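> Build me a structure from this.
(one chain, ligands or ions: 1)
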Amino acid sequence: MCGIVGYVGRGGTVAGSSGTAGHTALDVVMEGLRRLEYRGYDSAGVAVLGEDSIESRKKSGKLANLVAELNADPLPTSMTAIGHTRWATHGGPTDQNAHPHLGDQGRLALIHNGIIENFAEIKVRLRAEGHEFESETDTEVAAELLGSIYRGVVESGDGADDGVDHLTHAMQLTSRQLEGAFTLLAIHQDLPDIVVAARRNSPLVIGLGENENFLGSDVSGFIDFTRRAVELGQDQIVTITPESVSITDFDGVPAEGKEFHVDWDAAAAEKGGFPSFMEKEIHDQPEAVADTLLGRSDVDGKLMLDELRIDPAALKSVDKIIVLACGTSAYAGQVAKYAIEHWCRIPTEVELSHEFRYRDPIVTPNTLVVSISQSGETMDTLMAVRYAKEQGAKTLSICNTNGSTIPRESDAVLYTHAGPEIAVASTKAFLAQITAAYLLGLYLAQLRGNKFQGEIADIMTELGRIPAKIQEVLDHSEDVKQLAQEMAQTKSVLFLGRHVGFPVAMEGALKLKELAYIHAEGFAAGELKHGPIALIEEGQPVFVVVPSRRGRDSLHAKVVSNIQEIRARGAKTIVIAEEGDESVRDYAEHIFYIPETPPLLAPLLTTVPLQIFACALATAKGLDVDQPRNLAKSVTVE
Ligand code: F6R
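Numbering: from 1, shown residues only. So this is what the prediction gives:
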């Protein structure tokens with residue numbers, strides 16, 4: 001998830017007069033990047049069209065570093081510019097990997113948001129044709145490809161008959177070759193007043209001005225300059241000049257965009273119109289899961305985790321896995337345990353990072369230590385990973401932050417692609433971590449031959465269906481919010497689950513504690529009778545995550561019995577169950593249904609109503625859900 005801005009124009013018109021507002025292309029792009037920095041902040045860059053050449057500046061780190069660079073080495077005044085703020089996926093957060101990337105021997109600049117799944121094969125092809133690459137990014141491959149196609153179009157005159165400029169035509173041809181998710185913006189020195197963009201599975205909005213037009217990842221990219229915006233459809237190309245906006249599909253067929261008026265204030269625009277980053281991030285989850293799955297398997301469903309730099313032979317010899325993490329990430333680890341043990345038959349322990357090294361753990365060179373950390377900077381987890389390495393274990397990091405310390409110090413890394421998580425309490429990173437853990441489990445099963453290729457492909461297909469199912473849960477969340485509002489005065493809530501529903505129950509409780517400051521506990525439902533049932537009294541709210549009937553039938557029946565037991569003792573039962581499960585109806589005061597899905601994958605769905613509940617309840621209490629008291633996003637002390 002990166003932030004993208006494009007501008008072409010004559011400095012804007014002052015409202016009510018014919019005079020120019022006097023902003024340069026660079027002013028517009030830098031202002032847009034400031035507003036889009038929430039989308040990524042590990043590097044930033046801009047390119048402008050100078051007198052007769054492209055000039056660009058880019059810098060790793062926050063936008064302030066780019067500002068300093070521009071002060072030290074200013075760019076020429078220009079009417080055309082593109083700008084990018086990066087959340088690294090392919091390639092660490094370095095100056096070299098920062099966007100823009102150049103193509104056509106420096107005559108073209110390109111920025112990109114998304115993941116190009118087939119970049120490796122295109123890179124091989126382009127290398128064979130003599131192209132050289134300076135970065136590790138998929139973006140540079142797209143820039144070189146676009147540049148090379150542009151040259152071909154210019155030389156052959158192809159496309160000119162349709163009245164389409166060469167860059168637009170080249171972008172159409174390029175986009176047809178790319179797989180995955182991408183928003184691409186390009187400028188070329190031959191065409192001084194044009195910005196061309198392409199969009200597939202990645203956001204892009206057009207802003208309309210007077211003698212100027214804009215492009216942005218979202219409207220906050222240009223909200224300081226215009227309130228007129230146009231939605232771009234899937235698989236479309238847009239070309240903006242100061243006077244015109246033209247849209248086609250990837251085949252060059254003209255298309256229309258839908259204009260709308262932006263009535264959000266600038267702060268709301270950054271949150272995608274949601275009142276808080278937390279709500280936005282909960283709604284980002286279909287994209288976070290889809291992006292984490294992108295580019296991980298070939299057309300036959302065979303997993304290709306290229307970034308796992310551990311020798312496959314070494315992975316085959318692993319006889320124990322220890323997952324290390326804290327808080328929400330540790331609950332993702334607990335889901336991972338169920339999946340890995342089931343699919344790979346490798347004994348898997350999950351341990352809180354801060355407990356691990358103080359108990360003399362048994363670690364050998366055949367132990368794979370998997371750390372899970374959104375930030376990649378959690379000191380407890382970092383120390384535990386260092387300790388595991390000292391003991392000779394192989395270390396693998398599941399992390400959302402490219403270039404952070406834990407993945408850098410680990411032998412291998414599997415990045416989640418949730419994009420920056422701004423709200424302190426984790427939501428989308430959690431689902432992305434679980435997704436990555438599934439990928440790891442399936443990859444190990446494939447490598448070690450625990451599963452047939454067809455079985456792995458089937459699970460990948462089911463995983464591919466999850467984003468749409470999460471969307472369905474989000475689209476039907478009004479009842480959850482309503483209940484949360486009614487329960488704003490509640491003092492204590494219990495959460496029960498079994499199997500993969502157990503970590504979900506604990507995550508539901510954690511969200512409620514940290515967002516709404518309500519006492520909440522998550523239990524394994526089977527543990528009730530061993531003590532916690534004493535907490536049940538008249539009116540005590542209890543969420544129960546019911547396993548699918550299609551899993552182990554006996555487990556479903558046992559949880560239904562648990563619901564009856566607590567209901568008989570006066571509990572207010574709130575049930576999360578799979579669509580079509582009528583068996584719980586008589587014992588549930590409230591039921592929230594989730595779409596059918598294989599039981600092991602259910603946490604990607606059952607977690608969502610619990611996040612929404614906690615967020616809505618905290619909001620009803622008037623609390624700041626983005627920055628709960630006493631908490632920090634990245635816990636860099638032990
Ligand atoms: C809870 C939450 C925390 C983090 C924990 C680990 O909502 O966000 O419990 O999960 O502090 O952080 P990372 O994943 O950055 O290591």
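> Which of the helices or strands spans whichever residue of the stretch 151-300 of the chain sits closest to the ligand?
Proximity of the stretch 151-300 of the chain to the ligand (CB to the nearest ligand atom) peaks at Met278, 9.9 Å away. Where C-beta positions appear, they are placed from N, C-alpha and C, glycine not excepted. Met278 is part of helix 277-283 when elements are defined by DSSP states H and E.
> For the closest residue to Ala186 other than its chain neighbours, name its beta-bridge partners.
Distances taken as CB to CB, 6 or more residues apart in numbering place Leu110 nearest to Ala186, at 4.5 Å, with adjacent residues excluded. Bridge pairing for Leu110 (DSSP bridges) gives the partners His101, Ala186.
> close enough to count as contact, Leu110 and Asp104?
No. The criterion here is CB atoms under 8 Å, and Leu110 misses it with Asp104 at 9.8 Å.
> any idea how far the residue of the chain found nearest the ligand is from Gly539?
Of the residues in the chain, the one nearest the ligand is Gly327, at a distance of 1.9 Å by CB to the nearest ligand atom. According to CB to CB, to the nearest Å, Gly327 and Gly539 sit 30 Å apart.
> residues contacting Arg465?
Counting by CB atoms under 8 Å, 6 or more residues apart in numbering, Arg465 touches Thr597.
> so which helix or strand takes in it?
Per DSSP H and E: helix 453-475 holds Arg465.
> What's the first helix or strand after that helix?
By DSSP H and E, the next helix or strand past helix 453-475 is helix 478-486.
> what's in contact with that next one?
Identification of contacts with helix 478-486 by CB under 8 Å, 6+ apart yields 574, 590, 592, 609, 612-617, 620.
> packing partners for the lowest-mean-pLDDT helix or strand in the chain?
When each helix and strand of the chain is scored by mean pLDDT, DSSP states H and E, helix 266-270 comes last, with a mean of 77. Judged by 3 or more CB pairs under 8 Å, 6 or more residues apart in numbering; DSSP states H and E, the packing partners of helix 266-270 are helix 25-36.
> Past the helix it packs on, which element shows up next along the chain?
In the C-terminal direction from helix 25-36 (assignment by DSSP H and E), the next one is strand 43-49.
> same for that following strand, what does it pack against?
Packed on strand 43-49, when contacts are counted by 3+ CB pairs under 8 Å, 6+ apart, are helix 25-36, strand 54-60, helix 63-72, strand 80-86, strand 108-116.
> Comparing these, which comes out most buried?
Ranked by average neighbour count under the criterion mean count of other CB atoms under 10 Å, the helices and strands packed on strand 43-49 are headed by strand 80-86 at a mean of 31.
> so Ala425 touches Pro628, yeah?
Yes. In this structure Ala425 lies within contact range of Pro628 using CB under 8 Å: 6.3 Å.
> Phi and psi next, for the most centrally placed residue in the chain.
Ranked by distance to the mean C-alpha position of the chain (CA atoms, centre = their mean), the top residue is Ala418 at 1.9 Å. Ala418 adopts backbone torsions of phi -80, psi -10, taken as degrees, to the nearest 10.
> residues touching Glu565, list them.
528-529, 533.
> Now do the shared contacts for Ala425 and Pro628.
Common neighbours of Ala425 and Pro628 (CB under 8 Å, 6+ apart) are 514-515.
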